[in-house]
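**Student:** Sharing a model prediction with you, sequence too.
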Amino acid sequence: MAQEESAKAKTQVRVVVRNVGLMLSGDLNQPILDADTIVVLDGKIASVGKQKDIDTEGATLVIDARGVTVAPGLIDSHVHPVAGDWTPRQNQLGWIDSYLHGGVTSMISAGEVHTPGRPKDVVGLKAMAIFAQRAFQAFRPGGVRIHAGAPVIEQGMVEEDFKDLAAAGVRMLGEVGLGSVKDGATARQMVAWARKHGIQSTIHTGGPSIPGSSLIDKDIVLAADADVIGHINGGHTALPDDQITALCEKSTRAIEIVHNGNERAGLLALRTAGELKQWHRVILGTDSPAGSGVQPLGIVRLIAMLSSLGDVPAEVAICFATGNTAKIRNQNCGLIAAGRDATFVFMDKAQHSAGATFLKSIAAGDLPGIGMVMIDGVVAAQRSRNTPPATRVPEIV
Ligand SMILES: [Zn+2]
């Protein structure tokens, strides 16, 4: 037994991240931690604190953060993956790997809706969802975790279909409203069946995104009562202001702001959530790939936009894309805390940013420079090929 235990100890991967200048937790209740060191054991955070208080012996890998900021890896709450690392929407390859270089370590599908010839019959849409769930569970470009297999509900589905999907491992619906179900009552029934069987839901909000999609207004969103008010700022066409504020006020569901939406409407939703003291409902996505393309820096652009124009501290805006999303989407990443996935983004202010510090550079509207990304305790990328260059970058010792 003792022998077995020592053999196990030998195969453990122990990573020490030290010399962190600023530790951002991802947790709205305490966005900044008084800590400079993280110890990782087999891909999970074992401890976080001051180096002098933590046992950092026996590391198999040491990262010297060289004073940069460490935050949880960013979560894109709204993507439309199709197959592997290819998107037919703009016919691009390698888009997910490119988002990794924008600090995104986890993505949530809002439906594999760009699949050429996407089946709309019930058997076909179920099969496609199960296939996507399996394929993306097994395939992680650059290490990025993709939660896919999000069927778009169609007329004619019955409770048994949701039960089947859940039993097959499907955990969320694609955007309600992109299929033939466009009325509040039917959507509400199907969303409730999904929820009963442990499947989360999100709804398209606003005008049609592309030819073939349609308007979903506030009354349909409220009636459907999906778990996430998907792109409350439209994708791109937003609802009138009074409908956006009504959604914030009358629903308790997540308020998702997307990069591919109306930016002014996004700021309105953010401000309304703030007035309601409900920042915990705000989550961020890109809603890409889409008509406006692939946006590797979409999430950091949103963080900088909301912080600089929405008067939200940068460390809070980062919580929207990390801890908030993890909580609402039931993920084990998104927070720097013991037991969580050792999935981090190392950032510093971009070279020549006018902001005096990392946080001030974002509050001034500049993008952060990413110097390293770690996923499940493994270095997934070093200096980003996509962000402006970070002033300082971490080093593998
Ligand atoms: Zn949409």
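**Tutor:** Everything's here; your move.
**Student:** Nearest to the middle of this protein, which residue? Look it up for me.
**Tutor:** I75 (2.1 Å; C-alpha atoms, centre = their mean).
**Student:** Enumerate every residue touching it.
**Tutor:** 104-108, 283-284, 299, 321-322, 325-326, 329, 331, 333-334 (C-beta atoms under 8 Å, 6 or more residues apart in numbering). All C-beta spots, glycine's among them, are computed from the backbone N, C-alpha and C.
**Student:** Looking at those, which is nearest P88?
**Tutor:** M107 (16.9 Å; C-beta to C-beta).
**Student:** Contact residues of the stretch 151-300 of the chain facing the ion?
**Tutor:** For the stretch 151-300 of the chain, the contact set with the ion under C-beta under 5 Å from the ion comprises 175, 204, 209, 235.
**Student:** which one in those residues is the model shakiest on?
**Tutor:** The lowest pLDDT within those belongs to S209, with 82.
**Student:** for I232, helix, strand, or coil?
**Tutor:** coil (DSSP: H, G, I helix; E, B strand; the rest coil).
**Student:** how many neighbours does it have?
**Tutor:** 36 (other C-beta atoms under 10 Å).
**Student:** how about the nearest residue to it, chain neighbours excluded?
**Tutor:** Counting by C-beta to C-beta, 6 or more residues apart in numbering, I232 lies nearest to A269, which is 4.8 Å off, once chain neighbours are set aside.
**Student:** what about the one you found, which helix or strand?
**Tutor:** helix 263-275 (DSSP states H and E).
**Student:** which one of the residues of the stretch 151-300 of the chain next to the ion sits closest to M347?
**Tutor:** Distances from M347 to these, taken by C-beta to C-beta, are shortest for G235, at 27.3 Å.
**Student:** And the closest one, which helix or strand is it part of?
**Tutor:** Using DSSP H and E, no helix or strand contains G235.
**Student:** pretty sure it is touching A290, no?
**Tutor:** Yes: counting by C-beta atoms under 8 Å, G235 sits close enough to A290 to count as a contact (7.4 Å).
**Student:** those helices in the stretch 201-350 of the chain, which residues are they?
**Tutor:** 218-224, 241-250, 263-275, 298-310, 314-320, 323-328 (DSSP state H, counting those that start in this stretch).
**Student:** And the fourth one, what does it pack against?
**Tutor:** Just to be clear, that refers to helix 298-310. Contacts defined by 3 or more C-beta pairs under 8 Å, 6 or more residues apart in numbering; DSSP states H and E place helix 298-310 against strand 74-79, strand 254-258, helix 263-275, strand 282-285, helix 314-320, helix 358-363, strand 368-375.
**Student:** now do the second one
**Tutor:** When contacts are defined as 3+ C-beta pairs under 8 Å, 6+ apart, helix 241-250 sits against helix 218-224, helix 263-275.
**Student:** Which one of the residues in the stretch 1-150 of the chain is closest to the ion?
**Tutor:** At 6.7 Å from the ion, A110 is the closest residue in the stretch 1-150 of the chain, using C-beta to the ion.
**Student:** contacting residues around that residue?
**Tutor:** Contacts of A110 by C-beta under 8 Å, 6+ apart are 78-80, 150, 174-175, 202, 230, 285, 287.
**Student:** Now do the contacts for V170.
**Tutor:** 129-130, 133, 149-151, 199.
**Student:** repeat that for 10 Å
**Tutor:** 126, 129-130, 132-133, 148-151, 162, 164, 194, 197-199 (C-beta atoms under 10 Å, 6 or more residues apart in numbering).
**Student:** So it lies in a strand, does it not?
**Tutor:** No: counting by three-state DSSP, one finds V170 to be coil, located in no strand.
**Student:** Pipe the helices and strands packed on helix 241-250 into CSV and attach mean neighbour count and mean pLDDT per row.
**Tutor:** Formatted as CSV, those follow (neighbours: other C-beta atoms under 10 Å; pLDDT from 0 to 100):
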stretch, mean neighbour count, mean pLDDT
helix 218-224, 21, 98
helix 263-275, 20, 98
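**Student:** Figure out which of those is closest to A185.
**Tutor:** It is, among the helices and strands packed on helix 241-250 and with distance given as C-beta to C-beta, helix 218-224, at 6.7 Å.
**Student:** Quick check: end-to-end length of stretch 16-32?
**Tutor:** 20 Å (C-alpha to C-alpha, to the nearest Å).
**Student:** Stretch 320-340 too?
**Tutor:** 17 Å.
**Student:** go on, stretch 16-30?
**Tutor:** 23 Å.
**Student:** quick revisit: can you turn the buried part of the contacts of V170 into a ChimeraX selection?
**Tutor:** This is how ChimeraX selects the buried members of the contacts of V170, with burial counted by 16 or more other C-beta atoms under 10 Å:
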select :126,129,130,132,133,148,149,150,151,162,194,197,199
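**Student:** which among the contacts of V170 gets closest to F358?
**Tutor:** A148 (32.5 Å).
**Student:** next one: phi and psi at that closest one?
**Tutor:** Backbone torsions for A148, taken as degrees, to the nearest 10, come to phi -130, psi -180.
**Student:** That one and V82 touch, don't they?
**Tutor:** Yes: the pair formed by A148 and V82 meets the contact definition of C-beta atoms under 10 Å, at 9.2 Å.
**Student:** circling back to that earlier point, looking at the residues of the stretch 151-300 of the chain next to the ion, which one is closest to R385?
**Tutor:** G235 (27.5 Å).
**Student:** Any figure for the gap between the closest one and V123?
**Tutor:** Counting by C-beta to C-beta, to the nearest Å, the separation of G235 from V123 is 28 Å.
**Student:** Among those two, which residue is more densely surrounded?
**Tutor:** A count of neighbours by other C-beta under 10 Å puts G235 above the other of G235 and V123, at 31 against 9.
**Student:** Tell me if I'm right that that one and L215 touch.
**Tutor:** No: under the criterion of C-beta under 10 Å, G235 is not in contact with L215, lying 11.6 Å apart.
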